[in-house]
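J.: Here's my sequence, what's the structure:
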Amino acid sequence: MVFAHGFGCDQTLWRFVAPSFDNDFGVMTFDDVGAAGTDKSACDRDRYASLAGYVRDVVPVSSLVVVDAKGHCPHFSAPEQIVAAMRGFL
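T.: Numbers count the residues shown, from 1 in each chain. Down below sits the predicted model:
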């Protein structure tokens with residue numbers, strides 16, 4: 001299970017939520033490039049011009065599973081854009 005933070009946050013946002021899933025799932029939290037203490041020089045404007053660049057950062061180290069929208073849908077700031085980006089990897 002991957003917990004991704006929103007704009008203006010970092011992975012500590014999930015510190016009280018993620019442990020609840022440790023026993024049943026593999027859990028991953030991370031900081032997007034440019035967030036918190038990440039290396040700001042790693043931010044490539046071309047790569048991160050769309051959400052697909054952020055998805056590419058996560059997909060190589062995890063299995064991406066899109067769950068149903070009946071209460072198990074991820075929270076994203078721009079759902080249409082992230083779904084379109086994820087379709088490119090599925």
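J.: Every contact and neighbour count from this point should use C-alpha atoms.
T.: Fine.
J.: mind listing the strands in the chain by residue range?
T.: Applying DSSP state E to the chain gives strands spanning 2-3, 28-29.
J.: could you dump those to TSV with distance to Thr38, mean neighbour count and mean pLDDT?
T.: Output for the strands of the chain, formatted as TSV (distance: least, Cα to Cα, whole Å; neighbours: other Cα atoms under 10 Å; pLDDT from 0 to 100):
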stretch	distance to Thr38	mean neighbour count	mean pLDDT
strand 2-3	17	17	84
strand 28-29	14	16	86
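J.: Under the pLDDT cut-off, which ranges of the protein? List them.
T.: 59-90 (pLDDT under 70).
J.: related to what we said a few turns ago, turn the strands of the chain into a markdown table, columns for distance to Asp39.
T.: Output for these, formatted as a markdown table (distance: least, Cα to Cα, whole Å):
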| stretch | distance to Asp39 |
| --- | --- |
| strand 2-3 | 20 |
| strand 28-29 | 17 |
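J.: Between these, which one is closest to Ala49.
T.: Smallest distance to Ala49 across the strands of the chain (Cα to Cα): 21.4 Å, for strand 2-3.
J.: Other residues contacting that closest one?
T.: Gln11, Trp14, Ala18, Val27, Met28, Thr29, Phe30 (Cα atoms under 8 Å, 6 or more residues apart in numbering).
J.: one more time with 6 Å, if that's ok
T.: Residues outside strand 2-3 that contact it (Cα atoms under 6 Å, 6 or more residues apart in numbering): Val27, Met28, Thr29.
J.: Just name the closest of these to Cys43, please.
T.: Using Cα to Cα, Thr29 is the member of those that lies nearest Cys43, at 19.0 Å.
J.: Quick check: closest non-adjacent residue to that closest one.
T.: Of all residues not flanking Thr29 in the chain, Phe3 sits nearest, at 5.1 Å (Cα to Cα, 6 or more residues apart in numbering).
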